[in-house]
Structure formats: C-alpha cells, structure tokens
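A.B. asks: quick one: sequence and predicted model below, then my questions.
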Amino acid sequence: MCDYSLQHVRSRPAKVGDKLTTRDFGIRTRGFAAAEDAAVAVCVLPGTELAFSSPVAVTDFHFVVNWKVETLDHATAIFRQVNKTEPMKHHDALEFPDGRIVLLTRLSEGQEATVLQLPAQPTTAAEAIAQKRIAYVG
C-alpha cells in the first residue's frame, strides 16, 4: 500500500529502473504512477533513490486562486516517510540533497522520475523498522 490517501487505488511496489510519473489520482492527492499504466500507483520504500528528468517543481496548494509553483535546484531525491505517528496525514515525502523534505503530494503533476536504487536490505531490527512503510487502513 502507498500513502493512506491512495489506499483505494491499485498499486504495486517500485523496482529499480522503473519510469514513474507524478500524477493526481483523482482523490485530491498525488503520487507516483507507473509508466505502463497511469491508473496504477507505484509504492516506493523509504530510502529509495530517484532521479527526475528535470529539476523538481513543487506546487503550493494554500492558495486555490493563485497557485504558486517553485522549481527546486535538484533533480535527485531520496524517498522518506514523515508524520509516522499521525494516521490521517500524508506520509510520503522526498528528501533533496540540501536536506529539504517535501511531501510527494506537493510535487507538480506530470514530472518523470526513474528509480535508481532501492534501499539495502535491513541487517538489524532498527533498520527494518525504519524501512517499513506506514500503512493505515481505517
């Protein structure tokens, strides 16, 4: 399962080499869609490295009338999960090389990314917990 807001969307896990596109799934949230089927959400594990085809554009949703788009100086990111203790908040996020963390749902639609590397297999219980995706069904 991907973020809680995508729990009713068909999904599959990410693989190295996957071509992904940021997409609005029609439920007021964005995520990664599979290149071969835009209706399928691709779930990414925390620690996965991604490369975008161009610098990442982030949309500020706070102003419905005047949406603001910011282009970051980065085209690579590491997938993270945030707000882990808050079940009804978005968890899927990207960490950029400057340390900035942006929720995946804030990325502008239609951006292309490639999965460069999945996280290494955990060797300790703490690493396994850190890589476990948050999955709230409710």
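C.D. replies: Right, received. Where do you want to start?

A.B. asks: can I assume Ala130 sits in a helix?
C.D. replies: Yes. When DSSP: H, G, I helix; E, B strand; the rest coil is applied, Ala130 is found to be in a helix.

A.B. asks: tell me who's in contact with it.
C.D. replies: Pro46, Gly47, Pro122 (CB atoms under 8 Å, 6 or more residues apart in numbering). C-beta: built from backbone N, CA, C; applies to glycine.

A.B. asks: tell me, what's the model's pLDDT at the residue nearest to Ser54 when sequence neighbours are not counted?
C.D. replies: In this structure, Ser54 finds its nearest non-sequential neighbour in Ala75, 6.2 Å apart by CB to CB, 6 or more residues apart in numbering. On pLDDT, Ala75 comes in at 94.

A.B. asks: now do the one 3 residues further on
C.D. replies: Model confidence at Ile78, expressed as pLDDT, equals 96.

A.B. asks: same check on Glu109?
C.D. replies: Taking Glu109 on its own, its pLDDT is 90.

A.B. asks: specify the local secondary structure of it.
C.D. replies: Glu109 is classified as coil under three-state DSSP.

A.B. asks: Thr105 now?
C.D. replies: Three-state assignment for Thr105 (three-state DSSP): helix.

A.B. asks: surely it touches Phe32?
C.D. replies: No. Thr105 is beyond contact range of Phe32, at 10.9 Å (criterion: CB atoms under 8 Å).
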